[in-house]
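Novice: Dropping the sequence and predicted coords here.
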Amino acid sequence: MFRGVPQWSPAVAGPLVPFQASLAIFPLRNQPPRVSPTRIDMAKAPKNAISPTRAEDYPEWYQQVIRAADLAENSPVRGCMVIKPWGYQLWENMQRALDDMFKATGHQNAYFPLFIPMSFLEKEAEHVEGFAKECAVVTHHRLEPDPEGGLRPAGELEEPLIVRPTSETIIGATYAKWVQSYRDLPILINQWANVVRWEMRTRMFLRTAEFLWQEGHTVHATEAEAIEETEKMIDVYADFARNWMAMPVTIGAKTPGERFPGAVETLSIEAMMQDRKALQAGTSHFLGQNFSKAQEIVFQSESGSREYAWTTSWGVSTRLVGALIMTHSDDDGFVVPPRLAPIHIVILPIYKEESRSAVLEYIDSLATALRDQSFHGAPIRVEVDDRDMRGGEKKWHHVKRGVPIRLEVGPKDMEKDSVFLARRDLGKSVPMPRQELIANVVELLDEIQQSLYDKADQLRRDNTVTITNEKDFRDYFTPQDPESPEIHGGFAWCHFADEESLQPLLKELKVTIRCIPREANDASGTCFATGKPAAKQAIFAKAY
RNA sequence: CGGGAUGUGGCUCAGCCUGGUUAGAGCGCUGCACUGGGGGUGCAGAGGUCGCAAGUUCGAAUCUUGUCAUCCCGACCA
């Protein structure tokens, strides 16, 4: 435990429950134009940095958090985004942690081309069908002046190139050359790359036309070994989600209808966002011999026979940044778990001109003392924000960006050899002696990390139900107000017999089968919709 | 690709129905001053050929037609 620290009020960090009450009070859409938003108005209203709040309009809140926290912005190219430094540092931190985990499980990085010959994609029927609609196609290679003074593409390519939506085919084609003997196996390679999927509808971080990701592609001599790899990597993702992102996830298998095109089995981790929708945060595919047959990845076994290899692929993307935002952020902006935070602690000097140098000197030594501490193997990241701007504005800047700990240090604190400490996750400030802070700061960061996980886990518990009949299912997934649906639903664990026959119902309610959870899922029952005997339970939810 | 809407300073928008002097506001930005445990105050300032094209008219941000772009709702999706 974190000794010697004043009690934090747990009520401050409550879950979503009270938001419902405020729905009627803020009719966002039809608000009259604000003629003169006076300071008096501002002072009276309950202050939130983000407008609208989650309860008022969740999707808009999400956009506003991204803007307020300076994570990313839309680009001139439709569906693509500019990831700004604060957002990109999150991705870099994720990359570093994941990359270490990949290396620790025996993988190496490599890089494969952005362009894929169209013919490669055509080789695996199911795979083409799955991606054809969202492929960007390059057909020309040269620009020349056109009569109107602009430019036009001139040299038509003999064979169109696809901008990779994923790299199974081109990597498979390469592996086919590399693999000859069982001694060449396994191949355990990962690549960090960008991919393009020409989506109709995009949302920052969650679904953009171009996104950043990693894709692992492995080849094995035996089915069992490939399956083990598939399982191992989904466990790595779950570990990362839970321990770095402070995001609870459920590991499970996709139903045939939800599987990756061309995969024999797709495993995923599913998380619950604060609007109770599910988000697929990572996938790991057992590809069987489908791609090795399409790409001719053949090896000679120990006994001399020619055999098709077994392959896997697995990936996570910048979507994880979206997951992070929607898991922890609140109505004052972004909240980032310490282990991924670009900055752990920001120190705000407070001084008048005459005390300036003394305060800065004090802060400088404090920052050094904090940086000397190691948080999970790396120095604590401390920023001193001495920009010349109003204190309030500066404070809110860091609140909105989600810096876990904020220290305010002025002459009065110096006199008492203490600091004013505010935790972003709780939103309250308390005075604390300097020595105590230095002694306990690592524990404090861990406590914040843990409390974020606990809070997210509580939300998920509170909104997970078991449903055994269709009426309850309909009630659970139907909003009170169809015009502007309130936050509703959650994860419903249901026995089901046949995916196909559920489609009309699921489509009507906009619910999907998220996964068949690995945990606690062996008791048989009856299908919630048809009453037929059913061996497995699945998680049903609305999803991103 | 079907249905709905919108294009006016960096951002959010008002003005348009009922055409008429140098096109407005809030925020943001720049400068100065006062401030300083809280997104403060005052003063001064920069920034727009009103998406584009044609038409009607003495006169168009405003009316008409065309065009382009974007956004929202549907079918698809990490």
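Specialist: Arrived safely.

Novice: which ones are touching A:F477?
Specialist: Neighbour list for A:F477: A:488-489, A:492, A:509-511, A:540, A:542 [criterion: CB atoms under 8 Å, 6 or more residues apart in numbering]. C-beta here means a position set from N, CA and C on the backbone, and glycine is covered the same way.

Novice: next one: phi and psi at it?
Specialist: Phi and psi for A:F477, reported as degrees, to the nearest 10, are phi -100, psi 10.

Novice: Can you give me the pLDDT of the nearest residue to it once chain neighbours are set aside?
Specialist: Nearest residue to A:F477, sequence neighbours excluded (CB to CB, 6 or more residues apart in numbering): A:L509, at 4.4 Å. Note for A:L509: predicted pLDDT of 89.

Novice: try A:K352
Specialist: 81.

Novice: That one and RNA strand B, how far apart?
Specialist: 6 Å (CB to the nearest atom of the strand, to the nearest Å).

Novice: do you know how far that residue is from A:P431?
Specialist: Distance, A:K352 to A:P431, using CB to CB, to the nearest Å: 20 Å.

Novice: next one: A:A226
Specialist: 57 Å.

Novice: what about the two, which has more around it?
Specialist: A:A226 (24 against 13; other CB atoms under 10 Å).

Novice: can you list the domains in chain A?
Specialist: A:10-54+A:330-460, A:93-328, A:464-541 (automatic domain parsing).

Novice: Could I get these in TSV, plus columns for distance to A:W86?
Specialist: As requested, the domains of chain A are exported to TSV (distance: least, CB to CB, whole Å):
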stretch	distance to A:W86
domain A:10-54+A:330-460	6
domain A:93-328	10
domain A:464-541	27
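
Novice: rank those by mean pLDDT and give me the bottom one.
Specialist: When I compare the domains of chain A, domain A:10-54+A:330-460 is least confident, with a mean of 79.

Novice: And A:L121, which helix or strand is it part of?
Specialist: Assessed by DSSP states H and E, A:L121 sits inside helix A:118-122.

Novice: Mind giving me the packing neighbours of that helix?
Specialist: Packing partners of helix A:118-122 (3 or more CB pairs under 8 Å, 6 or more residues apart in numbering; DSSP states H and E): helix A:125-131, strand A:156-163, helix A:168-178.

Novice: Kindly export that helix (C-alpha atoms) in CSV.
Specialist: This file holds the C-alpha atoms of helix A:118-122, laid out as CSV (Å, rounded to 0.1, in the frame of the first residue of the first chain):
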residue,chain,number,x,y,z
MET,A,118,-2.4,-7.9,-57.5
SER,A,119,-1.8,-11.4,-58.6
PHE,A,120,-0.5,-12.3,-55.1
LEU,A,121,-3.7,-11.3,-53.6
GLU,A,122,-5.7,-13.4,-56.0
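
Novice: buried stuff in that helix?
Specialist: Of all the residues in helix A:118-122, those buried under the rule 16 or more other CB atoms under 10 Å are A:118, A:120-121.

Novice: just stretch A:451-464 next, same as before
Specialist: A:451-453, A:455-456, A:459-460, A:463-464.

Novice: repeat for stretch A:378-397
Specialist: In stretch A:378-397, counting by 16+ other CB under 10 Å, buried: A:380-382, A:384-385, A:394-397.

Novice: Just the CA trace of it, in CSV.
Specialist: C-alpha atoms of stretch A:378-397 as CSV (Å, rounded to 0.1, in the frame of the first residue of the first chain):
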residue,chain,number,x,y,z
ALA,A,378,13.3,3.4,-16.8
PRO,A,379,13.8,6.8,-15.2
ILE,A,380,10.7,8.6,-14.2
ARG,A,381,9.8,11.1,-17.0
VAL,A,382,9.5,14.6,-15.5
GLU,A,383,8.7,17.8,-17.3
VAL,A,384,9.1,21.3,-15.8
ASP,A,385,6.6,23.6,-17.5
ASP,A,386,8.0,27.1,-17.1
ARG,A,387,6.3,28.6,-20.1
ASP,A,388,5.2,32.1,-19.7
MET,A,389,1.5,31.7,-19.5
ARG,A,390,-1.4,31.9,-17.1
GLY,A,391,-1.2,29.3,-14.4
GLY,A,392,-4.8,28.2,-14.9
GLU,A,393,-4.4,27.7,-18.6
LYS,A,394,-1.2,25.8,-18.1
LYS,A,395,-2.8,23.5,-15.5
TRP,A,396,-5.7,22.6,-17.8
HIS,A,397,-3.4,22.0,-20.6
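
Novice: which other residues reach that stretch?
Specialist: A:49, A:341-350, A:360, A:363-364, A:367, A:370-374, A:398, A:403, A:406, A:408, A:441-442, A:445.

Novice: List only those of these flagged as buried.
Specialist: For these, buried by 16+ other CB under 10 Å: A:49, A:341-350, A:363, A:367, A:370, A:373, A:398, A:403, A:406, A:408, A:441-442, A:445.

Novice: returning to that earlier point: only the buried subset of the contacts of A:F477, as a PyMOL command please.
Specialist: Remark: buried members of these, expressed as a PyMOL selection using 16+ other CB under 10 Å:
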select buried, chain A and resi 488+489+492+509+511+540+542
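
Novice: I'd like the contacts of A:F477 as TSV, with secondary structure and distance to A:S303 appended.
Specialist: Listed next are these as TSV, based on DSSP: H, G, I helix; E, B strand; the rest coil; distance: CB to CB, whole Å:
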residue	secondary structure	distance to A:S303
A:H488	coil	59
A:G489	coil	54
A:A492	strand	50
A:L509	helix	53
A:K510	coil	52
A:V511	coil	49
A:F540	strand	47
A:K542	coil	51
